[in-house]
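[1] Here's a sequence, model it:
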Amino acid sequence: MERSRRWVQLKLVPPVARFGNIESAAELRVARLVEQVDLGEPATCFYSVHLPRHEYKRMSEIDFLIVLNDVVLVLEIKGGRLARRDGLWTFTDRYGEVHEKREGPFEQARTAMFAIEADLQRRIPGLSVAFGSVVITPDQALAPDLEWEPAEHLGPGSMTVAALGAGLTAAARHWRDRSRHTVGRSQYQDLVKALRPDFDRVPRLSLLASAFETDFVQLAAAQYDMLRGAEVNPRLLCTGGAGSGKTLLAVESARRAALRGETVLLTCRSSGVMDMMSRSLADTSVDCIEWSRTNGRGPYDVVLVDEAQDILNTDDCLQLDELVTDGIREGRWRLFCDPNNQANVDGVFDRQTFDELGSTAAQFQLPYNCRNTSAIVQQTQLITGADLGVAKAGAGPAVEYVQPHSDTDTAALLDARLKRLRQEEIDLSEVVVVTLRDTESASSAVQTKAYSRGALTDQPGRSSTSGPAGAARLVTTRGFKGLEAAHVLVVDVDEVESDLAMARLYVAMTRPRVSLWIAVGPRAWAQLSSANGGKQ
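    Here you go, the predicted model:
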């Protein structure tokens, strides 16, 4: 009696649940079928749904890419009606734009196939697999033609799970037979590892907008390693400096755990960070709860803590133990923290607790600063001594320093800076003024003309980190830790010798994506000059 074959479901990256808005109904239809297909062997299908248009073109406009043990298939999807007249093809692309070209879908698919083959041969030395292409027209049958082999086209009759699986299996067999390569050992894992970061994008976090941007970003290699590590390690400790992407990874890791059907808690001591993360995960089952409100909750299958240096002490870890199914020692958790530079700004950090938890977890370090420009990174390292990693955001404008002699001076200089930003046509809602004092009301910024007329406010607007439309926001370092803004103005730098003052300065200096302006008081200026060997 014939042994029944084990069902092997094809893996779709990204999965359907993470697609978001798709303009092409034909691509969505194919994707939903592909996710259910069985090709009789391990297979991964990459879908370019999250690639920006310019990167989609760079990837030769590949719609889907299927990787098997010894063959790579490019799938070209053409929805709607296609026509060919006098050698010209007319078709509609994924963006709804109608094109008339001499290059038809089959030639387009083969061009993409050759391009991805050349790219992978360069990236994977010794690669020896077959490459092929398939054109799928879900809405229209095409008559046989000398331009393509029957196995290279799938029409409306293939739009069921079984029929699509059979068609793709036949296409893979066809291209294996035609391959000029001698296929050796399986290179499936090498191919998947090389291709997955190109297609497996995560939603960008826009921390000052009223909602999250809908574009997707490609992770740095170390960030992607951490995300993959979270899938296989029950306990994970992720460390990195400001701007290394910890919050982005916490959100995406929580999203993916929830998609696997697990109960998930994402928490943080900062209300501003929690507001941002909650909005990002509003369409998921993840519980996003501020740390102070987690008593009595759970337990959860997976607990994730952002800004975890704020809760790495005995009392808070006892609370964490109650939140995790099977507790801290045996349960599943992921902590994202900056233990060296942001500790004790909000909450209490205990190095022994950090070391003990780290001994029970897989550890990942993020070496890149993906937020700050190299100018900001260099100045922050010079002043605070902190290692922010390698800057990946470009050079950017120089950091500007001013030396006020009093709060009145600071207010006047701050007014002048805000006026200059407006003259440069920068929306003040993209500007944050950070005071290093304990409260906003104690800041010199409340003496500015901008504050008196509402162009600078300490009241939140559309989000917890932005002011009303057209107004800059005044915040403390405690309220702004873990967040970011395009332009940051730092005031009330009264002294920098205490650990708390230096930690606050570090937090403030690492918030901007574009420009940084700092008003340094006389005492702090003298302390910085002394620490720098008397150099100004």
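[2] quick one: contacts for Val30?
    64, 75, 77, 136, 138, 164 (CB atoms under 8 Å, 6 or more residues apart in numbering). In this view, the C-beta of every residue, glycine as well, is placed from N, C-alpha and C.
[3] Is it correct that the second one falls within a helix?
    By that I understand Leu75. No. Under the criterion used here (DSSP: H, G, I helix; E, B strand; the rest coil), Leu75 is strand, not part of a helix.
[4] give me the number of residues near Asn295?
    Close neighbours of Asn295, defined as other CB atoms under 10 Å, add up to 10.
[5] Also Ala282?
    11.
[6] Then Arg473?
    28.
[7] Where does pLDDT dip in the stretch 101-250 of the chain?
    Along the stretch 101-250 of the chain, the parts satisfying pLDDT under 70 run over 181-185, 201-221.
[8] let's go with 50 and repeat that
    206-215 (pLDDT under 50).
[9] would you list every one of the helices in it?
    105-123, 161-178, 188-199, 221-232, 246-259 (DSSP state H, counting those that start in this stretch).
[10] just the stretch 351-500 of the chain next, same as before
    351-358, 374-384, 407-423, 449-452, 477-480, 499-509.
[11] And the contacts of the fourth one?
    Outside helix 449-452, the residues within contact range by CB under 8 Å, 6+ apart are 411, 414-415, 418, 445, 456-457, 472, 474.
[12] Closest to Ser359 out of the residues you listed?
    Set against Ser359, the nearest of those by CB to CB is Leu474 (41.8 Å).
[13] count of neighbours near the closest one?
    Other residues lying near Leu474 total 27 when counted by other CB under 10 Å.
[14] Equivalent analysis for Gly261, please.
    Residues near Gly261, counting by other CB under 10 Å: 9.
[15] secondary structure class for it?
    From three-state DSSP, the assignment for Gly261 is coil.
[16] ok, it to Thr239 distance?
    According to CB to CB, to the nearest Å, Gly261 and Thr239 sit 29 Å apart.
[17] Next: Arg228.
    Relative to Thr239, and taking CB to CB, Arg228 is found at 17 Å.
[18] which of these two has more neighbours?
    Ranked by neighbour count (other CB under 10 Å), Arg228 and Thr239 place Thr239 first, with 20 against 16.
[19] which one is the more buried one nearest to, not counting chain neighbours?
    Gln365 (5.2 Å; CB to CB, 6 or more residues apart in numbering).
[20] Was I right to think the one you found contacts Gln223?
    No. If you go by CB atoms under 8 Å, Gln365 and Gln223 don't touch, sitting 11.0 Å apart.
[21] more crowded one of these two?
    Gln223 (26 against 13).
[22] Tell me which residues touch that one, please.
    244-245, 248-249, 366, 368, 370.
[23] what's the closest of these to Asp70?
    Closest approach between those and Asp70, by CB to CB: Leu249, at 33.8 Å.
[24] those strands in the stretch 251-400 of the chain, which residues are they?
    Here the stretch 251-400 of the chain has its strands, by DSSP state E, counting those that start in this stretch, at 264-268, 287-290, 302-305, 332-337, 362-366, 368-369, 390-391, 400-402.
[25] Leu281 is nearest to which of those?
    strand 287-290 (5.7 Å).
[26] any idea of the mean pLDDT for that closest one?
    For strand 287-290, the mean pLDDT works out to 95.
[27] Quickly run through the sheet partners of that strand, with directions.
    strand 264-268 (parallel) (DSSP bridges).
[28] Just want the angle from the strand it pairs with to strand 332-337.
    For strand 264-268 against strand 332-337, the angle by axes from the mean of the first three to the mean of the last three CA atoms, to 10 degrees is 20 degrees.
[29] contacting residues around strand 264-268?
    By CB under 8 Å, 6+ apart, the residues outside strand 264-268 that reach it are 250-251, 254, 257-258, 274, 277, 281, 285-291, 294, 297-298, 300-307, 310, 323, 482.
[30] and what of stretch 517-535?
    With CB under 8 Å, 6+ apart, stretch 517-535 has contacts from 382-383, 399-405, 410, 413-414, 417, 487-497, 501, 508-509, 536.
[31] filter the contacts of strand 264-268 to the buried ones?
    For the contacts of strand 264-268, a neighbour count by 16 or more other CB atoms under 10 Å gives the buried set as 250-251, 254, 257-258, 274, 277, 281, 286-289, 291, 294, 298, 300-307, 310, 323, 482.
[32] which stretches of the protein have low pLDDT?
    Judged by pLDDT under 50, the chain has its weakly predicted residues at 1-5, 206-215, 462, 464.
[33] so what are the domain limits for it?
    Split into domains by automatic domain parsing, the chain comes to 11-196, 203-369, 374-531.
[34] Between the two ends of stretch 84-98, what distance do you get?
    End-to-end distance for stretch 84-98, by CA to CA, to the nearest Å: 13 Å.
[35] what do you get for stretch 368-377?
    End to end - CA to CA - stretch 368-377 spans 11 Å.
[36] Repeat that for stretch 440-454.
    15 Å.
[37] in that stretch, what counts as buried?
    440, 443-448, 450-451.
[38] same question, stretch 417-432
    The neighbour-count check on stretch 417-432 (16+ other CB under 10 Å) flags 417-418, 421-422, 426, 428-432 as buried.
[39] Tell me the one among these nearest to Phe131.
    Glu430 (46.1 Å).
[40] Leaving out chain neighbours, which residue sits closest to that closest one?
    Closest to Glu430 by CB to CB, 6+ apart is Ala486, at 4.2 Å.
[41] The one you found contacts Val514, correct?
    Yes. Applying CB under 8 Å, one finds Ala486 in contact with Val514, separated by 4.7 Å.
[42] show me what contacts Pro156?
    Counted by CB under 8 Å, 6+ apart, Pro156 has contacts 137-141.
[43] Can you flag the buried ones in those?
    137-138.
[44] Make a markdown table from the contacts of Pro156 and add distance to Lys101 to it.
    Output for the contacts of Pro156, formatted as a markdown table (distance: CB to CB, whole Å):
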| residue | distance to Lys101 |
| --- | --- |
| Thr137 | 16 |
| Pro138 | 20 |
| Asp139 | 19 |
| Gln140 | 17 |
| Ala141 | 21 |
